[in-house]
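>>> Would you be able to build a 3D model of this:
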Amino acid sequence: MDYLKTRALQALRWSEQYTKTDMVYLAGSGFWINLGVVLTSLFSLALYTVFARTLSPETYGIYQYFLSAGGLLGALTLTGMNSAVIRAVARGNEGMFRSSLRTQLRWGLIPLAVALCIAGYYFLRGNVPFGVGFVILGIFVPLTYSLNTYGAYLIGKKDFKRSFTYNLWVNLLFYSALILAAFAHASALILLVVHFVSQAIAHYIAHRRTLRVHPPNETTDKETSAFGGHLSVMGILGTVAQQLDNFLVFHFLGPATLAVYAFATAIPDRLGGLLKFIPASMLPMLATQTEEATKEALSWSRMVWVVVLVALLAGAYALIAPFIFMILFPTYMAAIPFSQVYALSMITTVGSIFSAALIAQRQIRSLYVFNTALPVIGIILQFFGIALYGLWGLITAKILVALVLTVSASFLLLRR
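So this is what the prediction gives:
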């Protein structure tokens, strides 16, 4: 075992002459982050399997609609604060952990007010379940979006193992609660309550344990809150673009078709998540490097291997997708061709690496261009795609957006 470990370390050190990156650090941090992604994907897959067998397409479609509404409300929270906290903590400003949490909770009054207004609209129209649903979203979305900052703090501290452990217990509680609710044939509204209550409790416990294990120092900086605000504002359109697809399918094609779309995108999204350890691991490391060193490490010649890996992953999935659906989601066989083509959207992983580098180097102007122009393009493409060509138009639009994201992010980082 020691021999294999020594040989692996030697191979990683040898590769650094070509990648210009600390490959030992990337492999170590990536192991814990990717293990967490793998286990979360397995939990999610188990949940989808249970949903496919216990919920009607209409019930699941309404539940998915509420989650998308929660995602849109989440855009009004300080969603960019976690990335800013990672950067601050990596630089020794640990006091920004507590400071950012207080700021996020105060800012949460905005999505709460918006959700209550929408709830009032549904109550006036006599749609009590949807009104109650938005009250639940208004209360829990700001809370859960704030309490998950412990994860950013641990990543900034480079304590990837503890981050994995806490996320594992959070996901165990979260997915177990939802699976039990699904077996009880819960309604969409009950599923929504279970979703957010279990998530809030789990995040709070992990938050408290993080404070006990790694008490933050009192060092703060003025730029982190401002930078987090910039990232949050510029991320609003991006969040809208990400959640808009479910909204469009629900309103244009109905809840049953939304269920088909959700199952079509489920596995490709989680396979793409297996590669998210790369930007997540690199952000705290790149935050301490110069702009020139970052550009050298992320040149297109070095990113070609990530592109090849994504292409192989997408191709392999397209081949085995029919067997996966036959075994796990037999009631959603109609989603197979959509899922096979949608796998191409995993190319966003490459764009996420360049985006993480822009955050690490605090390239505010480039980030504004990236996070405003691209979502606008995405919103337009998705709207006209589904309006003109239905679900196929939406799938095509998502793939085009993924390609534009990758090219634009690399151009903004490497242009100078």
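
>>> Could you tell me which ranges of the stretch 151-300 of the chain sit under the pLDDT cut-off?
225-231, 234-235, 273-300 (pLDDT under 70).

>>> What segments of this structure are strands?
In the chain, no strands are defined using DSSP state E.

>>> chain center to the single longest helix found in the chain: distance?
Counting residues, the longest helix found in the chain (DSSP state H) is helix 364-414. Helix 364-414 has its C-alpha centroid displaced from the chain centroid by 16 Å (CA atoms, centre = their mean, to the nearest Å).

>>> same check, this time on stretch 243-251
Relative to the centre of its chain, stretch 243-251 is centred 18 Å away, using CA atoms, centre = their mean.

>>> Next, the buried residues of that stretch.
243, 244, 245, 246, 247, 248, 249, 250 (16 or more other CB atoms under 10 Å). The C-beta positions use only the backbone N, C-alpha and C, and glycine is treated the same way.

>>> which residues touch the last one?
Neighbour list for residue 250: 61, 64, 65, 68, 258 [criterion: CB atoms under 8 Å, 6 or more residues apart in numbering].

>>> For the fourth one, list the residues it contacts.
Right, residue 68. Residue 68 touches 243, 246, 247, 250, counting by CB under 8 Å, 6+ apart.

>>> Kindly reformat the residues you listed as CSV and extend each row with distance to residue 372.
Shown next, in CSV, are the contacts of residue 68 (distance: CB to CB, whole Å):
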residue, distance to residue 372
243, 17
246, 22
247, 20
250, 26
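
>>> out of these, which one sits closest to residue 395?
Nearest to residue 395 among those, counting by CB to CB, is residue 246 at 13.2 Å.

>>> Please name the nearest non-neighbouring residue to residue 49.
Take residue 49 and drop its neighbours on the chain: the residue closest to it by CB to CB, 6 or more residues apart in numbering is residue 328, 4.9 Å away.

>>> and what of residue 147?
residue 203 (3.8 Å).

>>> Tell me how far the one you found lies from residue 247.
Distance, residue 203 to residue 247, using CB to CB, to the nearest Å: 26 Å.

>>> Run a quick neighbour tally on the residue nearest to residue 147.
Neighbourhood size, residue 203 [other CB atoms under 10 Å]: 23.

>>> Can you give me the distance of it to residue 210?
10 Å.

>>> just residue 183 next, same as before
Residue 183 is 32 Å from residue 210, by CB to CB.

>>> Neighbour count for the two, which is higher?
residue 210 (22 against 11).

>>> For that one, which non-adjacent residue is closest in space?
residue 150 is the one closest to residue 210 (CB to CB, 6+ apart), at 4.1 Å.

>>> next one: residue 121
Closest to residue 121 by CB to CB, 6+ apart is residue 131, at 7.9 Å.

>>> Just to check, that neighbour is in contact with residue 120?
Yes. Counting by CB atoms under 8 Å, residue 131 touches residue 120, with 7.3 Å between them.

>>> any idea how far residue 141 lies from residue 324?
Residue 141 is 32 Å from residue 324, by CB to CB.

>>> May I see the buried residues of stretch 380-394?
Buried-residue list, stretch 380-394, by 16+ other CB under 10 Å: 381, 382, 383, 385, 386, 391, 393, 394.

>>> Please give me every residue in contact with the first one.
Residue 381 makes contacts with 397, 400, 401, as judged by CB under 8 Å, 6+ apart.

>>> ok, the first one - contacts?
Just to be clear, that refers to residue 397. Contacts of residue 397 by CB under 8 Å, 6+ apart are 378, 381, 382, 384, 385, 386.

>>> wait, isn't the last one in contact with residue 246?
No. Between residue 386 and residue 246 there is no contact, the gap being 10.9 Å when judged by CB under 8 Å.

>>> And the pLDDT for residue 328?
At residue 328, the model reports a pLDDT of 90.

>>> Can you tell me how far it is from residue 60?
15 Å.

>>> Look up phi and psi at residue 94.
In terms of degrees, to the nearest 10, the main-chain angles of residue 94 are phi -70, psi -20.

>>> Greatest separation within the contacts of residue 250: which pair is it?
Among the contacts of residue 250, 61 and 68 lie farthest apart (CB to CB), at 10.5 Å.

>>> Tell me which of the contacts of residue 68 fall in helices.
Per DSSP H, the contacts of residue 68 map to helices at 243, 246, 247, 250.

>>> separation between the first one and residue 139?
Here residue 243 is placed at a distance of 19 Å from residue 139 (CB to CB).

>>> same check, this time on the last one
From residue 250 over to residue 139 the distance is 22 Å, taken as CB to CB.

>>> Repeat that for the third one.
Residue 247 sits 21 Å away from residue 139, going by CB to CB.

>>> for residue 88, same thing?
Distance, residue 88 to residue 139, by CB to CB: 29 Å.

>>> do residue 131 as well
13 Å.

>>> what does residue 199 give?
Going from residue 199 to residue 139 by CB to CB gives 12 Å.

>>> of the two, who's got more company?
Between residue 199 and residue 139, counted using other CB under 10 Å, the more crowded position is residue 199 (21 against 18).
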